[in-house]
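Colleague: Take a look and give me a structure for this.
(one chain, ligands or ions: 1)
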Amino acid sequence: MEPDLTTSIGPIQLNKPVMLASGILGISLDVFNRLYRSGAGAVVTKSLSTEPWEGYPNPTIFSVKGGGWINAVGLSNPGAENFAKMIEPNKDVPIIVSLVGSIPEDFEKMIQQFENCKVAAYELNLSCPHVAKVGLEVGDDPELVKKIVSTVKNSTNVPVIAKVGLGTTHYLNTVGTAIESGIDAITAINTVRAMAIDVETQRPILSNKFGGLSGTPIKPIALRCVYEISSKYDIPIIGCGGISTWEDAVEFFLAGASAIQLGSAIGDNWIDVFDEINTGILQYMEKKNYSKIKEMVGLAKKL
Ligand SMILES: Cc1cc2nc3c(=O)[nH]c(=O)nc-3n(C[C@H](O)[C@H](O)[C@H](O)COP(=O)(O)O)c2cc1C
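Modeller: Here you go, the predicted structure:
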């Protein structure tokens with residue numbers, strides 16, 4: 001049988017397994033259409049809050065020598081209501097709406113604002129490492145994770161994904177809490193808390209001092225997390241972190257991911273990267289005689 005790139009992440013069906021990660025180009029419907037036509041199976045929006053957020057002053061992003069980026073953009077976004085109006089005309093693109101908030105009611109309110117939109121899934125950002133009272137600070141609080149996931153699951157029939165990262169609570173416990181509370185899938189991982197200092201001014205480079213490291217340096221960490229999650233839990237996983245080639249993507253499938261997201265690679269290869277990775281995966285599947293992505297998911301765990 002001819003291989004094909006369709007994949008299922010629990011209840012979410014995609015024609016292609018490579019998605020745009022949250023926060024990278026995730027702000028306009030025109031761009032979403034362009035990414036979809038360029039081979040993205042879905043696009044994840046910038047994380048949205050109940051009100052518009054300005055974010056941090058510059059500098060907010062820094063290119064690390066040897067690879068990777070450190071960013072502390074501060075989750076600047078136009079707010080869920082404005083964003084929902086903007087994507088209302090969408091018919092074709094599978095859009096995964098990323099949401100960020102501090103309490104269950106924030107998420108409930110935002111989901112109501114997307115009632116007239118075609119949303120493929122919600123991704124709860126429980127992992128941004130550089131903004132107070134949201135993201136990782138929420139993901140590190142098991143009681144809050146439980147309340148937020150249960151509230152969101154009771155507010156919508158659309159599939160819900162939790163995006164986890166490396167905080168002070170072990171991320172495997174956060175994953176376990178999200179699963180107990182009814183989550184449909186897990187995205188692993190967000191950026192890793194990091195910093196850079198300018199030796200001349202002797203000051204942190206980013207205005208927020210700390211940011212999140214993304215790109216190739218975090219790939220082995222993200223891969224390890226996907227492998228650990230899939231070894232411990234029976235939950236669909238989306239791998240994210242440092243993916244820039246088809247070989248990276250296949251490594252994540254073999255570790256247990258059913259799909260992947262990428263962000264930083266767009267900075268290096270622009271959006272051709274989606275097509276390049278899709279083509280490479282297909283050629284690999286032909287060579288190994290696989291007809292579906294799911295045939296290789298988790299194979300690296302075999303003894
Ligand atoms: C500039 C920038 C902004 C980001 N904004 C968000 C965001 O709003 N929400 C989120 O969940 N992740 C955000 N991320 C994290 C990415 O979605 C992704 O998890 C991370 O960059 C690792 O993937 P990569 O190595 O392919 O970039 C951002 C990353 C970057 C570089």
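Colleague: Report the separation between Glu180 and Ile12.
Modeller: When C-beta to C-beta, to the nearest Å is the yardstick, Glu180 and Ile12 sit 20 Å from each other. For every residue, glycine as well, the C-beta is placed using N, CA and C.
Colleague: Write out the residues of the stretch 1-150 of the chain neighbouring the ligand.
Modeller: Residues of the stretch 1-150 of the chain lying close to the ligand by C-beta under 6 Å from any ligand atom are 21-24, 46-47, 61, 69, 71, 73, 75, 98, 125, 128.
Colleague: change it to 5 Å
Modeller: Within the stretch 1-150 of the chain, the positions lying close to the ligand (C-beta under 5 Å from any ligand atom) are Ala21, Ser22, Gly23, Lys46, Ser47, Asn71, Asn125.
Colleague: Which one of Glu180 and Ile12 is surrounded by more residues?
Modeller: Under the criterion of other C-beta atoms under 10 Å, the comparison of Glu180 against Ile12 puts Ile12 first, with 22 against 13.
Colleague: so that one bridges to which residues?
Modeller: With DSSP bridges applied, the residues forming beta bridges to Ile12 are Ile9.
Colleague: Could I get the contacting residues of Tyr233?
Modeller: In this structure, Tyr233 makes contact with Val175, Gly176, Ile179, judged by C-beta atoms under 8 Å, 6 or more residues apart in numbering.
Colleague: For the second one, give me its contacts.
Modeller: Read that as Gly176. Taking C-beta under 8 Å, 6+ apart as the contact definition, Gly176 lies against Lys232, Tyr233.
Colleague: Same question for Glu286.
Modeller: The neighbours of Glu286, taking C-beta under 8 Å, 6+ apart as the test, are Pro3.
Colleague: wait, Leu25 sits on Val31?
Modeller: Yes: using C-beta atoms under 8 Å, Leu25 is in contact with Val31, at 5.2 Å.
Colleague: neighbour-wise, which of the two wins?
Modeller: Taking other C-beta under 10 Å, Leu25 and Val31 do not tie; Leu25 has more neighbours (18 against 14).
Colleague: what's the helix or strand for that one?
Modeller: Per DSSP states H and E: Leu25 is located in neither a helix nor a strand.
Colleague: for Tyr227, same thing?
Modeller: Remark: Tyr227 resides in helix 219-232, with elements defined by DSSP H and E.
Colleague: How about the contacts made by the residue of the stretch 101-250 of the chain found nearest the ligand?
Modeller: With C-beta to the nearest ligand atom as the measure, Ser214 is the residue of the stretch 101-250 of the chain nearest to the ligand, at 3.2 Å. For Ser214, the contact set (C-beta under 8 Å, 6+ apart) comprises Gly68, Trp69, Ile70, Asn71, Thr191, Gly241, Gly242, Gly263, Ser264.
Colleague: Output the contacts of Tyr233 in a markdown table; the columns should cover distance to the ligand.
Modeller: As requested, the contacts of Tyr233 are arranged in a markdown table below (distance: C-beta to the nearest ligand atom, whole Å):
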| residue | distance to the ligand |
| --- | --- |
| Val175 | 15 |
| Gly176 | 20 |
| Ile179 | 19 |
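Colleague: what about the stretch 201-303 of the chain, any weak spots by pLDDT?
Modeller: 303 (pLDDT under 70).
Colleague: For Leu254, the count of nearby residues, please.
Modeller: Applying other C-beta under 10 Å, we find 18 other residues in the vicinity of Leu254.
Colleague: Highest neighbour count among the contacts of Ser214?
Modeller: Each of those was scored by neighbours using other C-beta under 10 Å; the highest score is Gly241's, at 33 neighbours.
Colleague: still on that earlier bit, tell me which of the contacts of Tyr233 is nearest to Met285?
Modeller: Nearest to Met285 out of these is Val175 (C-beta to C-beta; 28.3 Å).
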